[in-house]
Each structure stands twice: as structure tokens, then as C-alpha cells.
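[1] Quick one: sequence plus predicted model below, questions after.
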Amino acid sequence: MQIHDITPSNRTRATRIGRGGKRGATSGRGQKGQRSRSGHKIRPALRDLIARLPKRRGFANKTKSPKPLVVNLSAVERHLKKGSREPVVTLQSLRAWGVIPRRYAGEVKVLATGAFTTAVTVRGLYISAGAKAKVEKAGGKVEDSN
């Protein structure tokens, strides 16, 4: 025995497949085909992956027009009680009070949420039937609502 014949006892070589040996020429891989080759990757086709995805429902009838921004009567009254002397509620006054964003250019709808006791004139805004009734009950009026 020579010094170069000595190997560590804990190191074992990995068996290399497909090179003859006890299992013959194919080494358990069968005969021809993708699975018998080295470096084979069996991956599903793209259509198979798409077919496994769930269908996305509910987008066929998407609304065409944007929904109006909602403003409650309680928010309007809160800004009127802060000392605002303008009894007319318009898109510009809501912007000035900070109820809606300054750069918002869409429609605004006033809803009847909250108590309302101040007599105001609502001009040029969408308004719900309940909000209109509350404004008129408080002594105000609604002009040319959209």
C-alpha cells in the first residue's frame, strides 16, 4: 500500500448514472426519450399553466362613468359652524373649506348622513332625496342640482 492509496473513510463518491455498470447501458433510465437524456427538464407548456388559473369574473360590466365623490351633510355643517358666513354650498366653497381635495374636478354628491340645522342654499351639486329634505326642513333650499 502506498501513501497515495489512502483515502478518508467518510468520503463516498456519488454514483454517476448512465455510464454502464451493474444496471447495464441505460442505468435504469429506460431507452430513448426526454427522460433518458442528461439535463432533461420536463416543464408544463404555457397553455397548461394558463388553464390552471382561475377565471376572473366581474369585469365585463365595469362602470363607464366615474362615481361622484360623497360629502355628508354633517361635514358641511361642521364647516359652517366654524365661522363661515357663506350660506351657499357650491363646489368652490367645498374646496375652500377642505371638504374635498383642491384639485378634484369630478362630480360631488351630498348625502343625508348626520344632523343638519343650518339654513343654506345648495347650488350645482348632486344631492340625495334625504339630504334635500333635511336642507329644506332646516329652512334652506336646493337650486339647479344635477
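    Ah, there it is. Residues are numbered from 1 along each chain as shown.
[2] those helices in this structure, which residues are they?
    46-52, 73-81, 91-97, 129-137 (DSSP state H).
[3] Now render the ones you listed as CSV, adding distance to Thr121, mean pLDDT and mean neighbour count.
    In this view, the C-beta of every residue, glycine as well, is placed from N, C-alpha and C. Formatted as CSV, those follow (distance: least, Cβ to Cβ, whole Å; pLDDT from 0 to 100; neighbours: other Cβ atoms under 10 Å):
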stretch, distance to Thr121, mean pLDDT, mean neighbour count
helix 46-52, 58, 78, 9
helix 73-81, 12, 85, 18
helix 91-97, 10, 89, 16
helix 129-137, 8, 93, 16
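[4] quick one, which of those helices is nearest to His4?
    Set against His4 and scored by Cβ to Cβ, those come closest in helix 46-52, at 53.5 Å.
[5] Would you mind pulling up the elements that the closest one packs against?
    Using 3 or more Cβ pairs under 8 Å, 6 or more residues apart in numbering; DSSP states H and E, no helix or strand is in contact with helix 46-52.
[6] Out of the helices of the chain, which gets nearest to Asp5?
    Using Cβ to Cβ, the nearest of the helices of the chain to Asp5 is helix 46-52, at 53.8 Å.
[7] For the closest one, what is the distance to the chain centroid?
    24 Å (Cα atoms, centre = their mean, to the nearest Å).
[8] Repeat that for stretch 137-146.
    That offset, for stretch 137-146, works out to 37 Å (Cα atoms, centre = their mean).
[9] One more: stretch 28-40?
    46 Å.
[10] again with stretch 95-114
    Counting by Cα atoms, centre = their mean, stretch 95-114 is centred 24 Å from the centre of its parent chain.
[11] ends of it, how far apart?
    Terminal residues of stretch 95-114 lie 20 Å apart, using Cα to Cα, to the nearest Å.
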